[in-house]
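Undergrad: Following is a predicted model, sequence given first.
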Amino acid sequence: MTSFASGKGSFEAYSWTWELRSVNGKGLDLRLRVPDWIEGLEAAIRARLSKAVSRGNLALSLRVQSEEQTGGLSVNQAQLEDVLTAMGDVEARAMDMGLSLAPANAADVLAVRGVLEAGTGDQDTGPLCKALLKDFEPVLESFLKMRGVEGSALETVLTDQLATIETLTAKAAEAAEARKDEVAANLRTQLARVLDNSDGADEARVAQELAMLAVKADVTEEIDRLGAHVTAARDLLKAGSPIGRKLDFLSQEFNREANTICSKAGSVALTTLGLELKTVIDQMREQVQNVE
């Protein structure tokens, strides 16, 4: 589910800006960009987000500024070594491929995230971390509220789609019932044709084979399962999140039954209804990807 929230705060000599956004995703993917010099902050935020959200690609950005820099700027030696090593690997690979890269300068290297850090001296960042976590709560609340509004709208869409599937399933049941006499007549005709052109054929065996064909053409089970799936999906919507993965699995089962009805149809009317079912189910499957 898509959502966005932002906020600003301050504590003593520090001020900051939050941005939290999400887009649809099958699982939970958290991407946090927070100052690594504030001990324990990233782990605490990750834990809160994991508890509050179970699905989606979430990106959180926190920019912290200080009016009083106590330690100036410093180079993270470990990060610098990693960056230089990676640059060497890239240049070597480019040379192997006959490519020429523009030389990098010190400014380019320092621009890589994590190489240049704001010095914080030996100060205790615990109070700042506590203030940030407290300020994060209304940001997270606003973020979840927006997701809730979208979720309510999405529930209405899914409820309407389930009602359409239920209506089409009922029509498919009627079409299947209406074709029974036609199917029986066709089977009798086929039986007579086979017996007339097959000397010495076992009439009982032929009749048994045709009866098996009639059973395979029956769509009663598929229609019954579609009805059960509709009920199950409605129960999930009433239960509330997290239900995204369950609905995703259920929508696959919907599609399986619709495909079987189309393959067994044997009549234009039933085939048309099966295709209409597939269309609505595909639309529902797309919407289900947004559900947490």
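TA: Ah, there it is.
Undergrad: which other helices and strands contact whichever helix or strand Asp82 is part of?
TA: Assigned by DSSP states H and E, Asp82 falls within helix 77-96. Other helices and strands packing on helix 77-96, by 3 or more C-beta pairs under 8 Å, 6 or more residues apart in numbering; DSSP states H and E, are helix 106-110. (Glycine included, C-beta is placed from N, CA and C.)
Undergrad: So for the helix it packs on, mean pLDDT?
TA: Mean pLDDT, helix 106-110: 81.
Undergrad: hang on, the earlier thing: CA atoms only for the helix holding Asp82 - export them in CSV, please.
TA: Presented in CSV, the C-alpha positions along helix 77-96 are these (Å, rounded to 0.1, in the frame of the first residue of the first chain):
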residue,chain,number,x,y,z
GLN,A,77,38.8,5.1,7.0
ALA,A,78,37.1,1.8,6.7
GLN,A,79,34.5,3.1,4.3
LEU,A,80,37.2,4.9,2.4
GLU,A,81,39.1,1.7,1.9
ASP,A,82,36.0,-0.1,0.7
VAL,A,83,35.2,2.7,-1.8
LEU,A,84,38.7,2.8,-3.2
THR,A,85,38.8,-1.0,-3.5
ALA,A,86,35.5,-1.0,-5.4
MET,A,87,36.7,1.8,-7.7
GLY,A,88,39.8,-0.2,-8.5
ASP,A,89,37.7,-3.3,-9.3
VAL,A,90,35.4,-1.2,-11.6
GLU,A,91,38.4,0.4,-13.4
ALA,A,92,40.0,-3.0,-13.9
ARG,A,93,36.8,-4.5,-15.3
ALA,A,94,36.4,-1.5,-17.6
MET,A,95,39.9,-2.0,-19.0
ASP,A,96,39.3,-5.6,-19.6
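Undergrad: On the C-terminal side of the lowest-mean-pLDDT helix or strand in the chain, identify the next helix or strand.
TA: Here the helix or strand of the chain ranked lowest by mean pLDDT, DSSP states H and E is helix 203-216, holding a mean of 60. Downstream of helix 203-216, the next assigned helix or strand under DSSP H and E is helix 220-239.
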